[in-house]
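K.L.:
Below: sequence and its predicted model.
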Amino acid sequence: MLNRLHALPRDTRDTLFLLGVIAWVVLPQVPNLPVWCVALAATMLTWRGWLAWQARPLPGRWWLLALLVVTIAATVATHRTVLGRDAGVTLIVVLLALKTLELRARRDAFVIFFLGFFTMLTNFFFSQSLLTAAAMLVALLGLLAAVVNAHMPVGRPPLIRSIRVAGRMALLGAPIMAVLFALFPRLAPLWGIPGDALTGRSGLSASMQVGTIAKLALDETIAMRLRFDGPPPAQSDLYFRGPVLSRFDGREWQPRRDEPWRYGPDSPAAGLRLQGPAVRYEVTLEPSSRPWIFLLEAASQPPQLPGGLVATQTRDLQWMVSRPVTDILRYRGESHPQFAYGPVMSDRATQPRLLDELELPSGFNPRTLQLALDIRREAAAAGDNPAAIVRRVLDRLRTGGYTYTLEPGVTGIHSADEFWFDTRAGFCEHIASAFVILMRALDIPARVVTGYQGGQINPIDGYWTIRQSDAHAWAEVWLAGQGWVRVDPTSAVAPGRTGAFERLVAPQGVIGGAIATLSPGLAQQLRATWEAVNNRWNQWVLNYSQSRQLDLLRNIGFESPSWQDLGKVLAGLLALAALVGVVWARWERSRHDPWLRLLARASAQLRKSGLSLPPQCPPREIARRLTPRADAVTPAPAEAVAPIDAQRAAAWATWLDRMDRYRYAPATPHREQLSALEQAFRQLPRLTP
């Protein structure tokens, strides 16, 4: 098999190499493409490789036309359009594979190269992660090597030579790319079509069914990262507020439909009473395709957002932006972990809203309603107020044999009944939902709050990492004289969930389990290192915003940098790079070409022998000046004639003729021939006048 590969004709070898590069470019797109697109592209690439391997003729134009019609029809049937990100990427992938079936001439190859470069860029439409960038760097080197190989002269130049040239090209272009990245104006992505941005993301949703957050507990992907300016709060205070759910239909919790925008970016939340010192921090939020952002409870002032985004706060203290977060977003926040908010008394203005937080659908959870009647009778006998009733229910959770688990079993329509009396087990949303239902049955206004709780500090870079598995649900109850009070019933069942940060661990894979078995700390160290590296990528590459560009200009001396200053600096650096490139190219050609170096050594030795030679004199002209013929139509210049031994001059003329043929002969020169010329030069006789 290896002998067959080595003996392949150059066209076959180059075609197979190009097909391999195209497959590598398309491979990261497989999860984002329809199944038929992946199957069709793989079939066409395999078919083209088989045709090249067997030296078979390419299919006719009718085949290509039929495949094109099928491609367009399938794209329209799948995406209902040929426009937009998803449909466009589907088309470009299939067209790239289809173009390989008419790869006959160099012109076709160049079309494939350009389509390959564009397809490579489309990978970043879906992911800008470090892994994607590394994979596309390999793809870039592969495509550059294919382009270089297409420009190689006839013969069979080794592929490793083309790969080396491509690597040098990439290294030489890296400084220019770095300058363009640092100074080119930050523009919004041209592919940011709203309909495309709302798919393919995981995380908290705007509603909660019992069991949905338990699914997130199996997701170890990162939701956001934090860096505190000073000492972080206690882990039990790390609550990041998300959607507040007040409406319950018996199966699902949803936010209030008529929730208005209440507070602008310059107005603190009404009724928010802050206590204790402020905590300042920076958040790097991963894309969620949701319009909300997460801040540590409770923030009274809007976060500092880039790109002209404006954050708005609802009356339930949830922070939202005007469009879904589809890219990594970095912002600064200031919060007070110790706070109180909401009306402290029930009056005519607040009573209707508090009554809404008491609504329960009829026909659900009858045993929970009966439990509420029993607790109310006991509380009345003991003279308990609502705060004491809340404590009584939390004591029931602590002492009633309730457990915290990812697998509470299948719940029916009476989810609260099943939790309180049957399974006595659940995840945070089971516990929070059952608790709020019981509170409402006890005539205590209550609602469910979702978000994230806790986090882990990465010992490598010092950032706090909050994962999707940190998604959490807790409760808020309204108490007269206090307002809305956070109550986390999960802490009563499993205090380690919010205090000591004990998480339920999802089953590990084969590789992860093997590493953890061999070295328990190695898996954590490897993950922390990788996440620190990926965080650096997010902070310095993906989050390099226009404000950081202007900060860069300030650091180099501009007092009030503007876009005009940015353009001037960029234009100046590009002009300087072009000038340096021209000078370097001329110096490289004159000084680093081994043939020119050898000719320069020969010319210097001949000048020492008394032969007058002008600069840049080619070998044939040097030989003519060295051995002038008497019958020449145009005699050599008089100053070039010297009484030199004819036999030695003939040896030099023969060597100069070999130099001329090496440089200008139609055959491809080899390094071995130049080495032979260098050895022959060292053996030439010295010329003395």
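P.N.:
Great, that's in hand.

K.L.:
Tell me the helices and strands packed up against the helix ranked longest in the chain.
P.N.:
In terms of residue count, the longest helix belonging to the chain (DSSP state H) is helix 563-591. Helices and strands touching helix 563-591, by 3 or more C-beta pairs under 8 Å, 6 or more residues apart in numbering; DSSP states H and E, are helix 159-183, helix 546-555, helix 594-608. No exception for glycine: its C-beta is placed from N, CA and C like everyone else's.

K.L.:
Which neighbouring elements make contact with the following helix or strand past the longest one?
P.N.:
Going back to what we said before, that points to helix 159-183. Going down the chain from helix 159-183, the next helix or strand is strand 208-209, by DSSP states H and E. With contacts taken as 3+ C-beta pairs under 8 Å, 6+ apart, strand 208-209 sits against strand 252-254.

K.L.:
what sits up against the strand it packs on?
P.N.:
Applying C-beta atoms under 8 Å, 6 or more residues apart in numbering, the external contacts of strand 252-254 come out as Ala206, Ser207, Met208, Gln209, Leu245, Ser246, Arg247, Phe248, Ser433, Val448.

K.L.:
and the longest helix of the chain, what's its mean pLDDT?
P.N.:
Averaged over helix 563-591, pLDDT sits at 74.

K.L.:
which parts of it are buried?
P.N.:
Across helix 563-591, burial judged by 16 or more other C-beta atoms under 10 Å covers Leu566, Val569, Leu570, Leu573.

K.L.:
isn't the first one right next to Leu553, touching?
P.N.:
When you say that, I think you mean Leu566. Yes. If you go by C-beta atoms under 8 Å, Leu566 and Leu553 touch, sitting 6.5 Å apart.

K.L.:
which neighbours do the two share?
P.N.:
By C-beta under 8 Å, 6+ apart, no residue touches both Leu566 and Leu553.

K.L.:
The nearest residue to Ala432 once chain neighbours are set aside sits in which helix or strand?
P.N.:
Excluding the flanking residues, the one nearest Ala432 by C-beta to C-beta, 6 or more residues apart in numbering is Ala473, at 4.2 Å. Assigned by DSSP H and E, Ala473 belongs to strand 471-479.

K.L.:
Tell me what angle the helix or strand following that strand forms with strand 471-479.
P.N.:
Once strand 471-479 ends, the next helix or strand along the chain (criterion: DSSP H and E) is strand 483-487. With axes from the mean of the first three to the mean of the last three C-alpha atoms, to 10 degrees applied, the angle from strand 483-487 to strand 471-479 works out at 140 degrees.

K.L.:
which strands and helices sit next to strand 483-487?
P.N.:
Strand 483-487 packs on strand 338-340, strand 471-479, going by 3+ C-beta pairs under 8 Å, 6+ apart.

K.L.:
again, only using 7 Å
P.N.:
The contact analysis (3 or more C-beta pairs under 7 Å, 6 or more residues apart in numbering; DSSP states H and E) places strand 483-487 against strand 471-479.

K.L.:
Can you report how many residues neighbour the nearest residue to Tyr331 once chain neighbours are set aside?
P.N.:
Leaving aside its chain neighbours, Tyr331 sits nearest to Pro303 (4.2 Å; criterion: C-beta to C-beta, 6+ apart). Residues within reach of Pro303, counting by other C-beta atoms under 10 Å, total 24.

K.L.:
Test my guess that Pro303 contacts Thr312.
P.N.:
No. Here Pro303 does not reach Thr312: they are 11.0 Å apart, not a contact under C-beta atoms under 7 Å.

K.L.:
and stretch 298-312, how far from the chain's centre?
P.N.:
24 Å (C-alpha atoms, centre = their mean, to the nearest Å).

K.L.:
do stretch 351-360 as well
P.N.:
Worked out by C-alpha atoms, centre = their mean, stretch 351-360 lies 44 Å from the chain centre.
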